[in-house]
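Colleague: need a structure here:
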Amino acid sequence: MKKRIIALLIGLVVGNNLVFSQQDSIHIGFILSDLYSARWYNDMIFFKERALEKGVKVTFIDCYDQIEKQKEAAIKLANIGVDCIVLVPIDSHDKQVVSIAKNANIPLVTYDRFLFDSDVKLCISFNSVKVGEMMAEQVMSKLESGEIFFLGGPKSDFNSTLVRKGVVSSLKDKRNNYKLSIKHATDWSEISAFIEVQNYFDENGSFPDAIICASDDLTKGALLAVEEKGYLGKVLLTGQDATIEVCKSILKDDVLMTVYKSNKKLAYASVDAILNMLKGNILEFNEEANTQFMQVPAIFEEPELITKENLVEVLVSKGIYSEKSLKE
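Modeller: Residues are numbered from 1 along each chain as shown. Got it, this is the predicted structure:
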């Protein structure tokens with residue numbers, strides 16, 4: 001996506017033009033998707049870390065991957081009177097939290113995932129199309145032709161659609177070389193991936209040459225399925241999130257690659273942007289997000305490709321893992 005810098009006086013678009021002085025105590029409500037995934041737990045830790053540095057109070061609510069619980073969380077935060085609500089949407093088209101925040105004059109920020117047809121003040125995420133492109137390009141670098149199975153997360157999460165878009169666009173010019181089949185799991189869990197990959201085998205009598213998984217949790221499920229049939233290391237597998245389990249599998253040549261997205265960078269950028277927004281400061285954004293309702297100021301962090309060749313160098317140097325932990 002073409003980069004463009006947009007300078008905005010955010011104080012003009014926030015609720016009732018609420019502006020805080022340095023002495024004001026700011027309270028952020030963070031509605032999470034779930035905490036059973038290490039991904040979201042780490043985001044919470046880093047968001048809290050940065051908020052504490054800035055003297056900001058944060059109330060986190062885990063919604064156990066249930067839309068209705070996100071609605072209940074929004075009502076609770078509105079009643080508490082938080083200054084901003086940060087949401088990791090479970091369903092990109094569900095507008096219950098949007099309505100609650102708007103009625104309470106509380107600015108809503110989406111974190112990592114998108115909300116469609118909605119009035120939000122800021123979108124902070126990663127370039128998911130690029131993630132899909134990275135996956136497809138790595139597979140093509142190892143596979144001149146063959147069958148590729150794209151296993152995405154639930155369609156309700158638009159990030160899954162964006163990853164798929166990146167995969168499809170990368171394969172488009174070489175569509176005669178590859179047979180691509182697409183399936184979206186019911187959720188982002190390991191068990192859902194295991195079921196979908198097992199179903200693929202049952203329907204086709206074999207596994208594809210490559211399985212492009214849109215997240216590491218899906219990759220772990222795919223790994224179990226291919227291992228059960230004795231295909232471990234024979235099917236190219238991709239992932240996203242650089243979890244330690246998948247990183248270890250990359251070092252053992254059981255997985256081709258994953259994508260590292262810095263939880264810390266995203267969380268820190270979010271806290272800083274929200275504080276500037278509430279204080280009415282002028283901010284610079286590198287993108288805009290189209291919610292199909294309005295163009296929303298956005299910050300898109302860049303993902304980083306992780307392969308066996310650069311895994312230790314990149315992740316150890318960033319302090320994500322130690323060499324010892326990767327070998328355990």
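Colleague: distance between the ends of stretch 43-61?
Modeller: 13 Å (CA to CA, to the nearest Å).
Colleague: One more: stretch 317-328?
Modeller: 18 Å.
Colleague: In it, which residues are buried?
Modeller: Residues I320, Y321, L326 are the ones in stretch 317-328 that count as buried (16 or more other CB atoms under 10 Å). For glycine as for every other residue, the C-beta is placed from the backbone atoms N, C-alpha and C.
Colleague: what is the rounded mean pLDDT of the helix or strand hosting R39?
Modeller: Taking DSSP states H and E as the criterion, R39 maps to helix 38-53. Here helix 38-53 scores 93 as its mean pLDDT.
Colleague: Name the residues of it that are buried.
Modeller: R39, W40, N42, D43, M44, F46, F47, K48, R50, A51.
Colleague: about what we covered before: will you turn the buried residues of stretch 317-328 into CSV that also has secondary structure, distance to N177 and pLDDT?
Modeller: As requested, the buried residues of stretch 317-328 are exported to CSV (DSSP: H, G, I helix; E, B strand; the rest coil; distance: CB to CB, whole Å; pLDDT from 0 to 100):
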residue, secondary structure, distance to N177, pLDDT
I320, coil, 35, 89
Y321, coil, 35, 93
L326, helix, 34, 94
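Colleague: any idea which of the residues you listed is closest to R113?
Modeller: Nearest to R113 among the buried residues of stretch 317-328, counting by CB to CB, is I320 at 22.2 Å.
Colleague: Quick check, that closest one in contact with D241.
Modeller: No: using CB atoms under 8 Å, I320 is not in contact with D241, being 11.1 Å away.
Colleague: joint contacts of the two?
Modeller: Y260 (CB atoms under 8 Å, 6 or more residues apart in numbering).
Colleague: okay, now the domains of this protein?
Modeller: As assigned by automatic domain parsing, the chain contains the domains 6-127+262-302, 128-261+305-327.
Colleague: ok, of these, where does mean pLDDT dip lowest?
Modeller: domain 6-127+262-302 (a mean of 82).
Colleague: Do you have the helices of this protein handy? List them.
Modeller: With DSSP state H, the ranges of helices along the chain come out as 38-53, 67-80, 96-103, 128-142, 158-171, 190-204, 216-228, 244-251, 263-278, 311, 317, 323-327.
Colleague: Mind putting the ones you listed into TSV with distance to L305?
Modeller: Listed next are these as TSV, based on distance: least, CB to CB, whole Å:
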stretch	distance to L305
helix 38-53	18
helix 67-80	32
helix 96-103	33
helix 128-142	5
helix 158-171	13
helix 190-204	21
helix 216-228	14
helix 244-251	11
helix 263-278	16
helix 311	10
helix 317	15
helix 323-327	17
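Colleague: OK, contacts around the residue nearest the centre of the chain?
Modeller: Nearest to the mean C-alpha position of the chain, by CA atoms, centre = their mean, lies D112 at 4.9 Å. Counting by CB under 8 Å, 6+ apart, D112 touches D43, V88, I124, S125, F126, N159, L266.
Colleague: same deal with P107?
Modeller: Contacts of P107 by CB under 8 Å, 6+ apart are V14, G15, D83, C84, I85, A101, K121, L122, M277, L278.
Colleague: Next, it: phi, psi?
Modeller: Backbone torsions of P107, given as degrees, to the nearest 10, read phi -60, psi 140.
Colleague: Tell me who's in contact with Y268.
Modeller: F46, R50.
Colleague: 6 Å instead, please
Modeller: Applying CB atoms under 6 Å, 6 or more residues apart in numbering, one finds that Y268 lies in contact with R50.
Colleague: Tell me the backbone dihedrals of the residue nearest to the centre of the chain, please.
Modeller: phi 70, psi -40.
Colleague: returning to that earlier point: now the buried residues of helix 38-53 in a markdown table, with distance to Q66?
Modeller: Conversion of the buried residues of helix 38-53 to a markdown table gives the following (distance: CB to CB, whole Å):
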| residue | distance to Q66 |
| --- | --- |
| R39 | 18 |
| W40 | 14 |
| N42 | 21 |
| D43 | 18 |
| M44 | 17 |
| F46 | 24 |
| F47 | 21 |
| K48 | 22 |
| R50 | 27 |
| A51 | 25 |
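Colleague: Closest to V312 out of those?
Modeller: N42 (19.7 Å).
Colleague: What residues does the closest residue to that closest one other than its chain neighbours make contact with?
Modeller: Residue nearest to N42 in three dimensions, not counting chain neighbours: N263, with 4.4 Å by CB to CB, 6 or more residues apart in numbering. Going by CB under 6 Å, 6+ apart, N263 touches N42, D43, F46.
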